[in-house]
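Participant: coordinates only, sequence not included:
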């Protein structure tokens, strides 16, 4: 069908990532306009924050290491089982995700009576439901990648439309009807149950139900550095959220920061989708030149979309925030403006090449570099009077430093020059214009609010 041809693996995954962000963003807007208090909204944000914090690193590591291993691994290459047909790799990745989920579920129950977030609020909100959500939600993250590995790109899009629409309804409807936030959490768990049914159907169709300790060892050998990398460096929101909660211990300050500490979704999701979809292409040396040219062309296309749209949204950020949410969230706009600068390091992809070539220990070194800079720089910025804005600025600096390190590694150690996979002139032009615009807005020379 003509409609299906418009979506390939890259665009399908990008659209899925974008839908996921937009649904949670719409939920945030509706919650601020509802009868919920700021404390209740803070409880929801903390629930989602901790669920992500306790699972994002190992989910990312297991899935991203599966992509270059799929049909290209020692375990099944030796036995000749890596041809067409059902995949034992997918099933063993599913088992690993379930084992990690169960581990954190059990550990969470062991320490739950000694686990708190803010000094003044005590225990984590809805902790039992939170642990159940972690147990159930993490394995279903495999669904979109099963479609990706089987070149069912349009199915990724369909799956996103159906399940995220259902999620929006089941999470928002209880609040609209005047119920408490706990009913939205029940709705989130109900959607997760639907996704489990979907996952089981896909495993029956695409996975060979064959447990292989040998493949799991190979998988974890490649994935362990990625798990540690993501745990150490994390994403900006998790690392910064920990710093803000530790320093200020104030739910209101945390809510202000969380509502601003969001990258422009178009950039984040399109870049993440391109990174994930390109990983399998770098797993074979014979296609290296072709893959480098392709990621350069794809990233150039993203730059023409993401830089202008980021500049546009930055112009209106201070005007939009109090209108999208409430006037008390005006402070969040300044955080968002700095997070918008992450488009500069986000749209170069040395990590895709490094991970695709299975050099995952290099990404671990880069993450250690980021961690070594982020915490002291953030605390120094706070001490200098920048407060939570300084935490966001530190994130931009360290994320840029991590990308520079990976670019230097590819150039020096692997003899891959930046211009082979980065459209350097276009990139530098857009980055300069964006930086100039930020300075003008920050100094209120341009002030739309």
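Facilitator: Done, it's in. Computed from a prediction, not measured in an experiment: that's the story for all the values here. Numbers count the residues shown, from 1 in each chain.

Participant: all strands of the stretch 51-200 of the chain, in order?
Facilitator: Shown for the stretch 51-200 of the chain, no strands are assigned by DSSP state E, counting those that start in this stretch.

Participant: all helices of it, in order?
Facilitator: Listed in chain order, the helices of the stretch 51-200 of the chain (DSSP state H, counting those that start in this stretch) span 56-69, 74-79, 88-111, 127-137, 143-149, 153-176, 181-206.

Participant: which helix is the longest one in the chain?
Facilitator: In the chain, taking DSSP state H as the definition, the longest helix is helix 288-315.

Participant: can you pull the buried residues of it?
Facilitator: By neighbour count on 16 or more other Cβ atoms under 10 Å, the buried set for helix 288-315 is 288, 291-292, 294-296, 298-299, 302-303, 306-307, 310-311, 313-315. The C-beta positions use only the backbone N, C-alpha and C, and glycine is treated the same way.

Participant: what is the mean pLDDT for it?
Facilitator: Helix 288-315 comes out with an average pLDDT of 93.

Participant: helices and strands around it, which ones?
Facilitator: Where contact means 3 or more Cβ pairs under 8 Å, 6 or more residues apart in numbering; DSSP states H and E, helix 288-315 is packed against helix 265-278, helix 331-340, helix 343-346, helix 350-356, helix 424-442.

Participant: now the angle from it to helix 424-442?
Facilitator: Relative orientation of helix 288-315 and helix 424-442, computed by axes from the mean of the first three to the mean of the last three Cα atoms, to 10 degrees: 20 degrees.

Participant: after helix 288-315, next one along is what?
Facilitator: The helix or strand immediately downstream of helix 288-315 is helix 317-324, counting by DSSP states H and E.

Participant: Would you mind listing the outside residues contacting that next one?
Facilitator: Identification of contacts with helix 317-324 by Cβ atoms under 8 Å, 6 or more residues apart in numbering yields 29, 32, 259-260, 313, 329-330, 332-334, 336-337, 340, 441, 447-449.

Participant: Give the buried residues for it.
Facilitator: For helix 317-324, burial by neighbour count (16+ other Cβ under 10 Å) applies to 317-318, 321-322, 324.

Participant: State the phi and psi torsions of residue 36.
Facilitator: Phi and psi for residue 36, reported as degrees, to the nearest 10, are phi -60, psi 140.

Participant: ok, back up a step: got a markdown table for the helices of the stretch 51-200 of the chain, with distance to residue 430, mean pLDDT and mean neighbour count too?
Facilitator: Putting these into a markdown table (distance: least, Cβ to Cβ, whole Å; pLDDT from 0 to 100; neighbours: other Cβ atoms under 10 Å) gives the following:
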| stretch | distance to residue 430 | mean pLDDT | mean neighbour count |
| --- | --- | --- | --- |
| helix 56-69 | 27 | 89 | 23 |
| helix 74-79 | 42 | 66 | 15 |
| helix 88-111 | 37 | 93 | 18 |
| helix 127-137 | 36 | 92 | 18 |
| helix 143-149 | 29 | 92 | 22 |
| helix 153-176 | 28 | 93 | 18 |
| helix 181-206 | 37 | 95 | 16 |
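
Participant: Out of the ones you listed, which gets nearest to residue 15?
Facilitator: helix 153-176 (5.4 Å; Cβ to Cβ).

Participant: So what touches the closest one?
Facilitator: Applying Cβ under 8 Å, 6+ apart, the contact partners of helix 153-176 are 3-4, 7-9, 11-13, 15-16, 19-20, 23, 26-27, 30-31, 34-36, 143-144, 147-148, 180-181, 183-184, 186-188, 190-191, 194-195, 198.

Participant: Could you do stretch 191-210 as well?
Facilitator: Under Cβ under 8 Å, 6+ apart, the answer for stretch 191-210 is 85-88, 90-92, 94, 133, 136-137, 139-140, 142-143, 146-147, 150, 159, 163, 166-167, 170-171.

Participant: before we move on, back to that, same list, the helices and strands packed on helix 288-315, but as TSV with mean neighbour count, distance to residue 155 and mean pLDDT please.
Facilitator: Below are those laid out as TSV (neighbours: other Cβ atoms under 10 Å; distance: least, Cβ to Cβ, whole Å; pLDDT from 0 to 100):
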stretch	mean neighbour count	distance to residue 155	mean pLDDT
helix 265-278	22	14	85
helix 331-340	22	32	86
helix 343-346	22	27	94
helix 350-356	25	23	92
helix 424-442	15	33	95
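
Participant: of all those, which lies closest to residue 390?
Facilitator: Residue 390 lies closest to helix 331-340 among the helices and strands packed on helix 288-315, at 9.2 Å (Cβ to Cβ).
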